[in-house]
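> The following block contains a protein sequence and its predicted model.
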Amino acid sequence: MTPRDLVLTPRGIRFLGRMFPCAIGRGSLSRTKREGDGATPVGAHHIVGMLYRADRMSRPASWARPIGPNDLWSDDVEDTAYNHLVHTPHGYSHEKLRRPDPLYDLILITDWNYPDSIPGQGSAIFLHQWRRPRYPTEGCIAFRRDHLRWIARQISPGNRLIIPQA
């Protein structure tokens, strides 16, 4: 492990010598992640993308891409674009990335089951804003808004998110 790794600990995520409280999936940690189980997958996952709401915040990093009004993320195992960014109209199950709430105002995308997705192994492990302190996610890692923005300004593509088995 290096200081540039984000490492899940019982107290939160450790990154660059700081500790950030976070929320994990309602299904806890899992070595056998499946679509819909609500679990956060154990392992070393790389940060491969950053999306943000340009209408709500300034660009957090030069490599961040704005979320457009038609941006979606496919979570349908029958979709050939499963676990990928897609756009409306889209005839399969998906998540809207441009939400009315602030959860996805800033998203760090991991390489969990991406880009070579295996249907059913779980989609989209993001780092995003939490609903409220430590409120469980559907498998993602969630942070306080200011902490997530600080992390986004420091992180680079390829940094690892390390989720050890509890």
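That came through fine.
> so residue 22 touches residue 143, yeah?
Yes: the pair residue 22 / residue 143 is scored as a contact, 5.2 Å apart, by CB atoms under 8 Å. In this view, the C-beta of every residue, glycine as well, is placed from N, C-alpha and C.
> is the residue nearest to the spatial centre of the chain in a bridge, and if so with what?
Nearest to the geometric centre of the chain sits residue 126, at 0.6 Å (CA atoms, centre = their mean). Going by DSSP bridges, residue 126 is paired in beta bridges with residue 109.
> Pass me the low-pLDDT residue ranges in the protein, would you?
166 (pLDDT under 70).
> wouldn't the residue nearest to the centre of the chain be in contact with residue 110 here?
Yes: checked against CB under 8 Å, the pair residue 126 and residue 110 is within contact range at 7.0 Å.
> give me the number of residues near the nearest residue to residue 106 once chain neighbours are set aside?
Once flanking residues are discounted, residue 106 sits nearest to residue 52: 4.8 Å by CB to CB, 6 or more residues apart in numbering. Neighbours of residue 52 under the rule other CB atoms under 10 Å: 22.
> roughly how far apart are residue 52 and residue 122?
23 Å (CB to CB, to the nearest Å).
> ok, now residue 87?
Distance, residue 87 to residue 122, by CB to CB: 22 Å.
> More neighbours: which of the two?
When neighbours are counted by other CB under 10 Å, residue 122 comes out ahead of the other of residue 87 and residue 122, with 28 against 13.
> Sounds good, over and out.
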